[in-house]
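J.: sequence and predicted structure below; questions after.
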Amino acid sequence: MNNKTMQLLKVAFPFTIPILAGYAFLGFALGVLMSANGFSPLITIIMSTIIYAGSGQFIAVNLLTAMFNPLGAFLLELMVNARHIFYGLSLLDTYKQSGKKRWYMIYGMTDETFSLNIAVKPPSYVDKNWFMLAITIMNQIYWVLATGLGAIFGSFVHFNTKGLEFVMTALFIVIFVEQWMKDKRHYSAVIGLGVAFVSLLLFGGKNFLVPAMIGIFALLTLFRKHMDISVANKNDGKEVARIE
């Protein structure tokens, strides 16, 4: 590992510490849950490496132990992870400048990695694209290690795992609150909450997710020019919204 790589990791690592803490708990819980349902630590590690989707993996535990229904599994995972469509759209211009690195960065994008990559501005002497790549790689390493350790622990220690699935819900709540506190303008958050609430009333708890995602996408696209959807730059001591 050369000096430039070490310097890059030293710069990026402090920003990933909150993700490390969250993934350590969530990943460990997932590993224990996988083990409790009869999956070996190796299968857990492979799943975390290939699928690498926290909420999707928690759901996959039930899907893999339920009746074979590939279409239902596909639709359920699509609904749960459809939010990544919006992440991808907001990073189109950014990732175009990343060259071949963008392919792994697209694959490795999670809620937490997305939040860091759009919110954190690296020092001027660090290339932004390499910085985002380092964050993406480190976050996946945290997740794979945490789930693997949880699976190993769960294979030796057995206890009641009821309720462990709620950790992903807790994480999403924390991320939402954190983003709300950081942003001065809450247009996208209000749109998300409003559309989700209306969809819940109209379609019920089991069917509201897809209509909500479609509605949020439509409104964000319609009002995109009027919202601050990226990190605010500071110009002359004042924050200036920048649209990307």
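T.: Cool, the structure landed.
J.: what comes into contact with stretch 22-39?
T.: Counting contacts by C-beta atoms under 8 Å, 6 or more residues apart in numbering, the residues outside stretch 22-39 that touch it are 41, 43-44, 47-48, 54, 57-58, 61, 64-65, 112, 139, 142-155, 158, 161, 164-165, 167-168, 171, 174. (Each C-beta comes from the backbone N, C-alpha and C, glycine too.)
J.: phi, psi for residue 157 please.
T.: Backbone torsions for residue 157, taken as degrees, to the nearest 10, come to phi -120, psi 130.
J.: how close does it sit to residue 148?
T.: Distance, residue 157 to residue 148, by C-beta to C-beta, to the nearest Å: 15 Å.
J.: these two: which is more packed in?
T.: Just comparing residue 157 and residue 148: by other C-beta atoms under 10 Å the higher neighbour count belongs to residue 148, 21 against 9.
J.: residues in contact with that one?
T.: Applying C-beta under 8 Å, 6+ apart to residue 148 gives the contacts 31, 41, 44, 45, 48.
J.: dump those to a markdown table, plus secondary structure and pLDDT.
T.: Rendered in a markdown table, the data for those read as follows (DSSP: H, G, I helix; E, B strand; the rest coil; pLDDT from 0 to 100):
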| residue | secondary structure | pLDDT |
| --- | --- | --- |
| 31 | helix | 91 |
| 41 | helix | 93 |
| 44 | helix | 93 |
| 45 | helix | 94 |
| 48 | helix | 93 |
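J.: how about the helices in the chain?
T.: Ranges of helices within the chain are 3-36, 41-50, 54-65, 70-81, 83-90, 92-96, 101-107, 111-119, 128-156, 166-182, 187-203, 209-222, based on DSSP state H.
J.: what comes up buried for the last one?
T.: Spelled out, that is helix 209-222. Buried positions in helix 209-222, judged by neighbour count with 16 or more other C-beta atoms under 10 Å: 209, 211, 212, 213, 215, 216, 217, 219, 220.
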